[in-house]
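Novice: Sequence and predicted model, in that order:
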Amino acid sequence: MRNFVEDFITLEGGETDITYQGENFGTFPNVVYDNTDALQREYQALIVQGRYPLFRTLSLHGHWTMQLRNHGNFEGEGINTPGISSPFGNYPELFNQERYYPTGRLNDYQRHKVRLWTIYNLGLGWLGNVDASAVYRYDSPLTFSLFHNNAPLAPAQRALGSAYASLPGSQTLFFGERGSGTFESSHLVDVAFNYNIPVFRTLRPWAKLEVRNLLNNDKLIGWNTTVTRDVNSPLDELGQPTGNVQGASFGRGTTNAHYPVAREYFVSLGLRF
């Protein structure tokens, strides 16, 4: 992808003195929105899907996606925040790519995603029809990055940015390439049963039972990834520590999203005509 819309805060962009109704609020750097090809998002994948009838009443279906590339230096979106900008182009004297917008696997990189399911149809004559299905879901691990949110500016950065009217109060500091960490995979099984019976012409009442995560797999598939700067580690050229310290909850499940959704039951009733 190219021609991203990005914000730029540079010395060349200038600054503006803000005065409203006679009150001066100070001088602020201008924020200029422009297009750039410097940001990267690459995606390549193979998709295989098929269906095989084992018997007249039993068929096997499958879908497999293998991501070959899902890399870049720009996520470009978040939960309820589509089209967000990045640190690129902001205070370029203070921030470099290696520590602030590194290249690597993006946060939705998933090497393999497999879905296998069977459908069995049992005809009961005037008593109706039963459909039974089982689904196997495999999701290979997602990735995570090691970064410190709200890290303070180093004295060296403040010196480099002394010509700006104001500087950011904090920064997000990466340790290593984007997507350097890997979570765990998940294996889940779902089943469903559907029963319908003819009443009059095309009128058919039906009932459906679904059980998701039948085996109630509660494996840890994600975890807390909080790290902070190790102030005792060597500094980079911008005066920021190159090492990190894991937080107290690092590697532990701290939200529901860190586990598969627990076993669920769904019952539906309806009428087809």
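Specialist: It's in. The shown structure was predicted, so the numbers you read here are calculated from the model rather than taken from an experiment. Residues are numbered from 1 along each chain as shown.

Novice: Can you tell me how far residue 257 is from residue 142?
Specialist: Per CB to CB, to the nearest Å, residue 257 is found 11 Å from residue 142. Using the backbone N, CA and C atoms, a C-beta is placed for each residue, glycine as well.

Novice: just residue 98 next, same as before
Specialist: As for residue 98, its distance to residue 142 is 23 Å (criterion: CB to CB).

Novice: more neighbours, these two?
Specialist: Legend: neighbour count by other CB atoms under 10 Å for residue 98 and residue 142, higher for residue 142 (21 against 14).

Novice: ok, that one touching residue 111?
Specialist: No. Using CB atoms under 8 Å as the test, residue 142 is too far from residue 111 to be in contact (9.7 Å).

Novice: Do you know the pLDDT at the residue lying closest to residue 230 once chain neighbours are set aside?
Specialist: Leaving aside its sequence neighbours, residue 230 sits nearest to residue 243 (CB to CB, 6 or more residues apart in numbering; 3.7 Å). pLDDT for residue 243: 97.

Novice: who touches residue 243 in this structure?
Specialist: 175, 229-230, 232-234 (CB atoms under 8 Å, 6 or more residues apart in numbering).

Novice: Would you mind checking the residues you listed for buried ones?
Specialist: Applying 16 or more other CB atoms under 10 Å to the contacts of residue 243, the neighbour count classes 175, 229 as buried.

Novice: could you redo the contacts of residue 243 as TSV and give each row secondary structure?
Specialist: Below are these laid out as TSV (DSSP: H, G, I helix; E, B strand; the rest coil):
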residue	secondary structure
175	coil
229	strand
230	coil
232	coil
233	coil
234	coil
